[in-house]
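Chemist: Starting from these lines, generate the structure:
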Amino acid sequence: MILTQNSGMIMGPITKLLGFIFNAIYNLFYGMGVESIALSIVVFTIVVRLLMFPLNIKQTRSSKIQQYLKPEFNKITKKYKGKKDQESMLAQQKETRELQEKYGIKMTQGCLTSLLQFPIFIGLYNVIQNIPAYVGKVRALYEPIATAIYNSDKAYTILSSFVTDNKISRLSSKLAEFSSTTSISSEEGVKTFNSIIDILYRCNDDLFAKLGEVFSANPDVAAAIAQNQADISRVNHFIFGINLTEAPGFKLTPALLIPILSFVCQLLAMLVTPMNETGDPQQDAQMKSMRRSMYFMPLMSFAVTVSAPAGLGIYWAMSAFISFLITVLQNVYYNHVDMEKIVQKAQEKAAKNIEKRKASGKKSLMEKFQEAAMGGDPSQEEKTTNKNLSKYSNMNLRNFDSEADTSDSDSDDSDMDTDEGSNTANVSGGPKKGSLADKANAVKRFNDTGVN
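Modeler: As a prediction, this is how the structure comes out:
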């Protein structure tokens, strides 16, 4: 079903984990007498950001160390200034990488932090799209209405028309045909019951009123709606009457404040994030290109939150605001801290990591890229060459003795008749000059006498 718990191989476990955390937060506030999905989303966002905070610290420290060592990177740039040949460019990249490695600077940490946010965002999107599937106490508010609908005559026909007429997502194509005679405890009955709750979660106050009308033949449906609608509305609504299950759209309503705040917070977070130069023209060009592309992030943030449920927009805006605060505080800290000590500690730690990696024989990702750019590991290439030469020499000694040479010469006579330039080699009884046999004999003579 489209809005029941995500069961995908990758996003399924992530969504369920986030749903578990969200459910625990909601239950915590519920125990305090506060029933608010919006407040749970805010606290959930803070928890997620705290979990990612160690990665954020490493990213910022690496960035500040690189900024402090900018003169060292500039020396490398100056050394290779004006040299555009491939060898010089690769050498410059190698020296830049070695300097970064010396101080434990990792250019991939920022990408890792950004990449981690996407599965979290998608997972939270799945949770907020259908909170009753993950939060038991919210689901309990919808169950009486779903039960009344399930037990109604011609419920499938009525509900399908209701979903289609009111354009409730794409649920009309996902609702399997059912009847009240099917046991609600059976596998088919459970799926159907969950689908009904999915539909109910998409209903606002107006749609609940319409739902009571279309099921007027069963007064139990209207009674269940009247009994639970106030609690559902209280749980799903935020300040200014914003319904967290609805997308703000481009209508001039208080809900439009959420996409606007998301845009502003995302822009502020981007503006206070410094861009450091590495000294490597290629890397700097890439970082500048990434920086320019980051200006689209606030616009993308607005586009997503204006069309997604308002609850998801709260997470996005709150996450951007926290990111802005963290960046500002970290900038203040590093402007007053002794960077010399931080750089020294980073160098000592990097040295230990390098020793461990050398002892284990493992290579870093950048080393593998460098080898690929240089055409492979030189030492390994040399071993391969020597091995091939030895094999080639042994092959010559076994297969290219004097008798074999003569036979080769005889077999080439027919070819020599048509090639006047090769007659001299045939007359002398030796192999054709430049042939495989001629090269093999040269290797043999070198092995035996040391003379080519």
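Chemist: Just give me the neighbour total for residue 30.
Modeler: 17 (other C-beta atoms under 10 Å). Every C-beta, even on glycine, is put in place using the N, C-alpha and C of the backbone.
Chemist: Contact partners for it?
Modeler: Residues in contact with residue 30 (C-beta atoms under 8 Å, 6 or more residues apart in numbering) are residue 137.
Chemist: Quickly find the element holding it.
Modeler: helix 11-31 (DSSP states H and E).
Chemist: I'd say residue 158 and residue 152 touch.
Modeler: Yes - at 7.2 Å, residue 158 and residue 152 qualify as touching, with contact defined as C-beta atoms under 8 Å.
Chemist: Overlap of the contact sets of the two?
Modeler: residue 215.
Chemist: send the alpha carbons of stretch 304-324 over as CSV?
Modeler: What follows is stretch 304-324 as a C-alpha-only set of coordinates in CSV (Å, rounded to 0.1, in the frame of the first residue of the first chain):
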residue,chain,number,x,y,z
VAL,A,304,10.0,20.9,-1.8
THR,A,305,8.4,22.3,1.3
VAL,A,306,5.7,24.1,-0.7
SER,A,307,4.5,20.9,-2.2
ALA,A,308,5.2,18.4,0.6
PRO,A,309,3.1,18.1,3.9
ALA,A,310,3.7,21.0,6.2
GLY,A,311,5.1,18.6,8.8
LEU,A,312,8.0,17.8,6.5
GLY,A,313,8.5,21.5,5.9
ILE,A,314,8.9,22.1,9.7
TYR,A,315,11.7,19.5,9.8
TRP,A,316,13.5,21.0,6.8
ALA,A,317,13.2,24.6,8.1
MET,A,318,14.2,23.5,11.6
SER,A,319,17.2,21.5,10.3
ALA,A,320,18.4,24.5,8.3
PHE,A,321,18.1,26.8,11.3
ILE,A,322,20.0,24.5,13.5
SER,A,323,22.7,24.1,10.9
PHE,A,324,22.9,27.9,10.7
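Chemist: any weak-confidence spans in the chain?
Modeler: Applying pLDDT under 70 to the chain flags residues 1-4, 6-7, 107-114, 169-174, 274-294, 362-452.
Chemist: residue closest to the middle of it?
Modeler: residue 115 (3.7 Å; C-alpha atoms, centre = their mean).
Chemist: ok now the helix or strand where it lies, how far from the chain's centre?
Modeler: In this structure, residue 115 sits in helix 109-129 according to DSSP H and E. Taking C-alpha atoms, centre = their mean, to the nearest Å, the mean C-alpha location of helix 109-129 is offset from the chain mean by 8 Å.
Chemist: heads up, I number from 32, so please use that
Modeler: I'll keep to 32 as the first residue from here, and by that count the last item is helix 140-160.
Chemist: Return the list of helices and strands in contact with that helix.
Modeler: Counting by 3 or more C-beta pairs under 8 Å, 6 or more residues apart in numbering; DSSP states H and E, the packing neighbours recorded for helix 140-160 are helix 42-62, helix 68-99, helix 341-367.
Chemist: Please find the angle between the direction vectors of the first one and helix 68-99.
Modeler: Inter-element angle recorded for helix 42-62 and helix 68-99: 120 degrees (by axes from the mean of the first three to the mean of the last three C-alpha atoms, to 10 degrees).
Chemist: One more: the last one?
Modeler: With the same axes, to 10 degrees defining the directions, helix 341-367 sits at 30 degrees from helix 68-99.
Chemist: Check which residues of the helix or strand following helix 341-367 are buried.
Modeler: Reading on from helix 341-367 to the C-terminus, the next helix or strand found by DSSP H and E is helix 370-391. For helix 370-391, the neighbour count (16 or more other C-beta atoms under 10 Å) marks 373-374, 377, 381 as buried.
Chemist: now helix 370-391 against helix 341-367, angle please.
Modeler: Using the same axes, to 10 degrees: helix 370-391 against helix 341-367 is 110 degrees.
Chemist: okay, helix 370-391 in PDB with CA atoms only?
Modeler: Only the C-alpha atoms of helix 370-391 are listed here, as PDB (Å, rounded to 0.1, in the frame of the first residue of the first chain):
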ATOM      1  CA  MET A 370      44.900  27.000  15.900                       C
ATOM      2  CA  GLU A 371      48.500  26.100  16.200                       C
ATOM      3  CA  LYS A 372      47.700  23.500  18.900                       C
ATOM      4  CA  ILE A 373      44.800  22.100  16.900                       C
ATOM      5  CA  VAL A 374      47.000  21.700  13.800                       C
ATOM      6  CA  GLN A 375      49.700  20.000  15.900                       C
ATOM      7  CA  LYS A 376      47.200  17.500  17.300                       C
ATOM      8  CA  ALA A 377      45.800  16.900  13.900                       C
ATOM      9  CA  GLN A 378      49.300  16.200  12.500                       C
ATOM     10  CA  GLU A 379      50.100  13.700  15.300                       C
ATOM     11  CA  LYS A 380      46.800  11.900  14.800                       C
ATOM     12  CA  ALA A 381      47.300  11.800  11.100                       C
ATOM     13  CA  ALA A 382      50.800  10.400  11.500                       C
ATOM     14  CA  LYS A 383      49.500   7.500  13.600                       C
ATOM     15  CA  ASN A 384      46.800   6.800  11.100                       C
ATOM     16  CA  ILE A 385      49.400   6.700   8.300                       C
ATOM     17  CA  GLU A 386      51.600   4.300  10.200                       C
ATOM     18  CA  LYS A 387      48.600   2.000  10.900                       C
ATOM     19  CA  ARG A 388      47.600   2.000   7.200                       C
ATOM     20  CA  LYS A 389      51.200   1.300   6.100                       C
ATOM     21  CA  ALA A 390      51.500  -1.500   8.600                       C
ATOM     22  CA  SER A 391      48.200  -3.100   7.300                       C
END
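Chemist: What is it packed up against?
Modeler: Judged by 3+ C-beta pairs under 8 Å, 6+ apart, the packing partners of helix 370-391 are helix 68-99, helix 117-133.
Chemist: The last one vs helix 68-99, what angle?
Modeler: Helix 117-133 runs at 120 degrees relative to helix 68-99, counting by the same axes, to 10 degrees.
Chemist: which helices and strands does helix 117-133 pack with?
Modeler: So helix 117-133, by 3+ C-beta pairs under 8 Å, 6+ apart, packs with helix 101-110, helix 312-325, helix 370-391, helix 396-405.
Chemist: run the last query once more with 10 Å
Modeler: helix 68-99, helix 101-110, helix 312-325, helix 370-391, helix 396-405 (3 or more C-beta pairs under 10 Å, 6 or more residues apart in numbering; DSSP states H and E).
Chemist: Sounds good, over and out.
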